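*Asks:* need a structure here:
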Amino acid sequence: MERLLLLLAVATAAGAVAHLFQKRRPDAPIRTGWTVPEQIDRDDFARPEAPWLVAVFTSASCKACEAVANAASPLASSAVAVEVVEYRERRALHDRYDIHAVPMVMIADSLGVVRANHVGPVGATHLWGSLAEVREPGSTPDGCSAGN
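*Replies:* Numbering: from 1, shown residues only. So this is what the prediction gives:
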């Protein structure tokens, strides 16, 4: 009987010590997704006077980035500046906006407010649609209203 009580006491003590060590260890950080800036400084990009900016953050080591950059380039117009920001060439800009996932596309208005974004591979159709939506909510890329 003494052995059983001693064994029970040791097991309880071991459990208490394990619980204390578990509480001392911090929880692992929880990441719910990649963060996208809500505001950018338009002077950091080409053509800050353009009403809209499509900024495509890429990396040379990213296989999907080239396709996303190619999908975004036809969006360029007198009203829309499109700029590809490659990591090695413009690392300071990636660091400034805390970009850790590429490809990342941000569509910003003239004040630098990011009105739409895409993280990961995205096709031209989605980019055209996003740009049309932020330029004129409820419209389609050809300028017709969504109901027509």
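
*Asks:* Please make it C-alpha for all contacts and neighbour counts, starting now.
*Replies:* OK.

*Asks:* per-residue pLDDT, the residue sitting nearest the centre point of the chain?
*Replies:* Closest to where the C-alpha atoms of the chain average out (Cα atoms, centre = their mean) is residue 36, at 3.9 Å. pLDDT for residue 36: 91.

*Asks:* Would you mind confirming that it makes contact with residue 96?
*Replies:* No: between residue 36 and residue 96 there is no contact under Cα atoms under 8 Å: 12.0 Å.

*Asks:* For this structure, just list every one of the helices.
*Replies:* Along the chain, counting by DSSP state H, helices occupy 2-24, 65-72, 91-96, 124-135.

*Asks:* how far away is residue 91 from residue 15?
*Replies:* 49 Å (Cα to Cα, to the nearest Å).

*Asks:* do the same with residue 3
*Replies:* The value you get for residue 3 to residue 15, if Cα to Cα is used, is 18 Å.

*Asks:* These two: which is more packed in?
*Replies:* residue 15 (12 against 8; other Cα atoms under 10 Å).

*Asks:* Tell me the confidence at the more buried one?
*Replies:* Listed pLDDT for residue 15 reads 76.
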